[in-house]
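Asks: Have a look at this prediction, sequence included:
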Amino acid sequence: MAVPIFSPVVGWFARLGRAYRLTLEHSGALGLLVWHTIVATVRLRVRFRDVVTQMHIMGIQSLPIVFVTASLAGIVTSQQGGYQLISASPRYVLGTLVVQSIVLELGPLLTAIVLVGRIGARITAELGTMVVSEQIDAFESLGRDPVAILAAPRIIAGIITMPLLVAFADVVGIWAGMLMANFDAEIGPETFLYGARLFWHSWDLFYGLSKAVVFGFVIPVISVHMGFRTRGGAEGVGLQTTQAVMFMILTILILDAMFPPLMLQ
Amino acid sequence: MIRYRNIHKSFDIPVLEGVDLEVETGEMFALFGPSGTGKSVLLKTTLALVIPDRGDVEIDGLSVYYGGPKTLEQVRRKIGFVFQHAALFDSLNVFDNVAMGLPEAELARMPRRDVARRVWDALETVNLEPREILAKIPSELSGGMKKRVGIARAVVGRPEILLWDEPTTGLDPINSAAVERLIKRLSTELEVTSLLVTHDVEGGLSMCDRVAMLYAGSLRFCGTPDEFRNSPDHVVQAFVDRAAAEAALDMALV
């Protein structure tokens, strides 16, 4: 018989235990997914055509929204930088500020957030629907490997596509920031680019693209994992997609915060 | 022969509690039971689509859970699975959906013309006109057509065993009767072992050589259709009476 006085304590330990078990389950399943993806790739069981299709969906089809996001990031950084710095610092510093902000932080981070909404949510919902309509079971019953067919092409495409998208976002963001500097603060392209070159390190580009590779890996891995874990019907798909988006954004922000101490010291 | 040995499975609550069942080669076998008794779960353990907590399944002497990946692959090649809602791949057309039923290695080696011939034959076997539907995607098909395409996908690989998970669910009585006739004909023509999970008790009793009933996670009855109808077990009798009443209501509505 339960002793009422201990109930809150027991309840607290039960919740802690459930959270611990859930964390271990997710970690184990994510590890297995990555391992199976590596095995399927090494054994050449991933079809090149599927990877290209996913690259088209993730890359080409994302260009318009990445263009808009990067342009606005460049414009806003340039405007705010101009407002804060122009009276106290040399004018070319605005070029430094915009380029460094875009390459180090805004390009990779904003592109990743956009991809979470556009691609991550789509993958989870798509695979979740396949789970609840027994299509994943059908793959397995026919002797096909769902990881090689569905997961690996998305993960490989993410790793390849994300750095390309970030490079595109960097160029667009800097270009938009330069235009805005000319229009708003009357800083010409020569002065802007002089400032950009003055504090430029090639390492910064490597740093930004490294973030892109990591984010390009994390987004499809989490979205595929959450999709495969979907249970229930349409409600389950919706719930799992929402959780996947939260999970991906949180992971990206945590990883983003871990990059400076690891790579900018 | 399909042999289920001491199958236990729980999803937070126990669903199957030590089920032992044998289906003989060439037999047509129906599995009945109220909703939520684990009929579909048991069927899915045959192909390791659901992994039991305890127990094993043997297919012609091959152990599904202790035989390793190669044995599982071998077992899956022997079996065609017809899913409750067909489970066709949304992004593929009917041709590619049915072609997926061919073993992967065979599909890679086979000339495209031979694949087309096998797909064509499979669709004709299930009374579909291939020319009209080959290029269609699943969302363009009716419920009955989807079921038939799902059956074509299951038989195109020439399996030795067919597992049917509620093949008539969601169909109107006319389509339902047509699918039942198709199941009977395919099982005879293709000389396969058939294990059928169904709510349609009258249909199952008329088609099958033997039947079993799952109740509260364990096997309540196993025998011939006549023995099932005349069983002294009050649970079986109540189930038979209720099924007969539902069938009569369906007929009245038609």
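Replies: All right, it came through fine. All values derive from a computational prediction rather than experimental measurement.
Asks: Need the per-residue pLDDT for residue B:60.
Replies: Looking at residue B:60, its pLDDT is 93.
Asks: Once you drop chain neighbours, what's closest to it?
Replies: Excluding its sequence neighbours, the residue lying closest to residue B:60 (CB to CB, 6 or more residues apart in numbering or on different chains) is residue B:1, at 6.0 Å. For glycine as for every other residue, the C-beta is placed from the backbone atoms N, C-alpha and C.
Asks: Show me which parts of the helix or strand encompassing residue A:51 are buried, residue by residue.
Replies: Assigned by DSSP states H and E, residue A:51 falls within helix A:48-58. In terms of neighbour count (16 or more other CB atoms under 10 Å in any protein chain shown), helix A:48-58 has its buried residues at A:50, A:51, A:54, A:55, A:57, A:58.
Asks: any bit of it sitting next to chain B?
Replies: No: using CB under 8 Å from any CB of the partner chain, we find that helix A:48-58 stays clear of chain B, coming within 9.8 Å at best.
Asks: any idea which helix or strand comes after that helix?
Replies: Heading C-terminal from helix A:48-58, the first helix or strand you meet, by DSSP H and E, is helix A:63-85.
Asks: That next one: what's the following helix or strand?
Replies: Next along from helix A:63-85, by DSSP H and E: helix A:93-100.
Asks: tally of neighbours for residue 73?
Replies: The chain I'm using is chain A. Residues within reach of residue A:73, counting by other CB atoms under 10 Å in any protein chain shown, total 24.
Asks: nope, chain B
Replies: 14.
Asks: element containing it?
Replies: Counting by DSSP H and E, residue B:73 is part of helix B:68-78.
Asks: List the buried residues for that helix?
Replies: Across helix B:68-78, burial judged by 16+ other CB under 10 Å covers B:72, B:74, B:75, B:76, B:77, B:78.
Asks: Tell me who's in contact with the third one.
Replies: By CB atoms under 8 Å, 6 or more residues apart in numbering or on different chains, the contact list for residue B:75 reads B:47, B:59, B:62, B:64, B:67.
Asks: follow-up on the earlier one: quick one: residues contacting the residue nearest to residue B:60.
Replies: Residue B:1 touches B:22, B:23, B:24, B:25, B:58, B:59, B:60, B:61, B:193, counting by CB under 8 Å, 6+ apart.
Asks: In terms of secondary structure, what does the helix or strand residue B:31 falls within contact?
Replies: Element membership for residue B:31 (DSSP H and E) is strand B:28-32. Under the contact criterion of 3 or more CB pairs under 8 Å, 6 or more residues apart in numbering or on different chains; DSSP states H and E, strand B:28-32 touches helix B:39-45, strand B:193-197, helix B:201-207, strand B:210-215.
Asks: thinking again about what came up before, so which of the contacts of residue B:75 comes closest to residue B:86?
Replies: Distance to residue B:86, by CB to CB, is smallest for residue B:47 among those, at 16.6 Å.
Asks: what about the residue nearest to that closest one when sequence neighbours are not counted, how many neighbours?
Replies: Closest residue to residue B:47 apart from its sequence neighbours, by CB to CB, 6+ apart: residue A:141 at 5.1 Å. Applying other CB under 10 Å, we find 25 other residues in the vicinity of residue A:141.
Asks: so residue A:141 touches residue B:48, yeah?
Replies: No: Residue A:141 sits out of contact with residue B:48 when judged by CB atoms under 8 Å, with a separation of 9.3 Å.
Asks: For whatever helix or strand residue A:248 lives in, buried residues please.
Replies: Counting by DSSP H and E, the element that carries residue A:248 is helix A:234-263. Neighbour counts using 16+ other CB under 10 Å place A:236-237, A:240-241, A:244-245, A:247-249, A:251-252, A:255-256, A:259 of helix A:234-263 among the buried residues.
Asks: Please name every helix or strand in contact with it.
Replies: Counting contacts by 3+ CB pairs under 8 Å, 6+ apart, helix A:234-263 packs against helix A:107-115, helix A:121-132, helix A:202-228.
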